[in-house]
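Engineer: here is a sequence together with a model predicted from it:
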Amino acid sequence: MTVVGQFDSDQAALETLIIGASPAAQHLREMIRRVARSNASVMLCGPSGSGKELVARAIHDEGMRSGKAFTAINCGAIPGDLIESELFGHEKGSFTGAHARRIGHFEASEGGTLFLDEIGDMRFDMQVKLLRVLEDRTIVRVGSSEPRAVDVRIISATHQNLDEAIGEGRFREDLFFRLGVVVLQVPSLASRAEDIPALIRHFQRKMPADVKCRYDNAALATLMHHGWPGNIRELRNFVERASVLHGGETLGADDVAMLLNPTAAPAAWRAIPSSPAPSPDTAIEIDVPGNAALFPKTPAPGRPIDLKREIETIELEQIHVALDMADGIISEAARLLTLKRTTLIEKMRKYGVQQQAA
Ligand SMILES: Nc1ncnc2c1ncn2[C@@H]1O[C@H](COP(=O)(O)OP(=O)(O)OP(=O)(O)O)[C@@H](O)[C@H]1O
């Protein structure tokens, strides 16, 4: 009885973590349950933003190691010469800057799980060392010669095609077999588009009612036909953007199309004949009657116009257009917008616009 009850609550917990009722989501949850029962190394393959880290956490949480540490590190983000000490630790004075002894992620995750994200980006010399650790189950801190036993489950992930990397000699095949005792494919969002409404509800669950959006059928159809190159991460950002710009509204297909492509100028703008560029010392003025086409929506008769929100929508879109034209260079985008650089940065912060690497 107890076992059945426990299984039911585990099942419910996993369903609130890995959202979706599509066959792909159900299969993923079933695979998570199965691999969680073992200690086998798991490699998660799937496109960026598809939820690989979430799946790694779910495997840890569902398994016997759940009371112990779960450590996630991004192998692509750690400089090549630091990764050995990050993973295995170092002794004091073992290299310039090693002012004190430090334990690495392997030792810190003792009894638990270490998630190695972007494993395909790991340097070849480091791959050899990692393979040795997986075979011997011991690590040696940098600057020490003493092997230390470790009991850590490894889950790794990649969005790269490792077959190709192996073929080109960039990734060791023997390490691939060690890491991928079980290889789990995490599906793209486009392949489980029927989960989109449930995922939107999930991302809106903690929002106050007045910032949640509703979607009419045409809007949902548009969302389900979108390609979602950024997968669930892109959907989460979309839901946030929609709530900032249209909180409390029911969105139609046009609203959704605009929100999905925030850097594209609305068709109405392209219809305006080009006017001479303003001189740098003239601020852009919005002449409402003359530039009425700038407003993306014509309000329904009798419906109040939320002028502040409309202006914010235009402002955000113009910022994206300018950043695009300026290849992400903020000072150049600020010049195009005849704004001070600091003002543009403030506005980008307000709208949550990420600074692109120029
Ligand atoms: N099935 C899911 N249910 C709910 N939220 C999800 C699901 N899958 C992913 N997410 C959310 O989507 C975002 C991206 O997920 P995650 O970071 O796990 O992706 P990833 O595949 O590891 O990305 P990357 O390859 O860029 O490291 C996170 O906010 C995560 O919580």
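Structural biologist: Arrived safely, thanks for sending.

Engineer: what's the distance between Glu240 and Leu316?
Structural biologist: Applying CB to CB, to the nearest Å, the value for Glu240 to Leu316 is 13 Å. For every residue, glycine as well, the C-beta is placed using N, CA and C.

Engineer: flag the shaky bits of the protein, pLDDT-wise.
Structural biologist: The chain contains residues with pLDDT under 70 at 1-12, 264-306, 356-358.

Engineer: mind listing what's buried along the longest helix seen in it?
Structural biologist: In the chain, ranked by residue count with DSSP state H as the criterion, the top helix is helix 307-325. Under the neighbour-count criterion of 16 or more other CB atoms under 10 Å, helix 307-325 has Glu310, Glu312, Thr313, Ile314, Leu316, Glu317, Gln318, Ile319, His320, Val321, Ala322, Leu323 buried.

Engineer: for the third one, give its distance to the ligand.
Structural biologist: Read it as Thr313. 25 Å (CB to the nearest ligand atom, to the nearest Å).

Engineer: wait, Leu116 touches Ile154, no?
Structural biologist: Yes: the criterion here is CB atoms under 8 Å, and Leu116 meets it with Ile154 at 6.5 Å.

Engineer: next, show the common contact partners of these two.
Structural biologist: Applying CB atoms under 8 Å, 6 or more residues apart in numbering, one finds that Leu116 and Ile154 are jointly contacted by Leu179.

Engineer: mind checking what secondary structure Thr16 has?
Structural biologist: Assigned with DSSP: H, G, I helix; E, B strand; the rest coil, Thr16 falls in the helix class.

Engineer: what distance do you get for Thr138 to the ligand?
Structural biologist: In terms of CB to the nearest ligand atom, Thr138 sits 29 Å off from the ligand.

Engineer: tell me the phi and psi of that residue?
Structural biologist: Dihedral pair for Thr138: phi -130, psi 150, per degrees, to the nearest 10.

Engineer: show me the contacts for the closest residue to it other than its chain neighbours.
Structural biologist: Nearest non-adjacent residue to Thr138, counting by CB to CB, 6 or more residues apart in numbering: Pro147, 4.1 Å away. Pro147 makes contact with Asp136, Thr138, Ile139, Val140, according to CB under 8 Å, 6+ apart.

Engineer: same check, this time on Gly46
Structural biologist: Residues in contact with Gly46 (CB under 8 Å, 6+ apart) are Lys52, Ala157, His159, Gln185, Val186, Pro187, Ser188.

Engineer: near the ligand, which residues of the stretch 51-200 of the chain?
Structural biologist: Residues of the stretch 51-200 of the chain lying near the ligand by CB under 6 Å from any ligand atom: Gly51, Lys52, Glu53, Leu54, Asp117, His159, Leu199.
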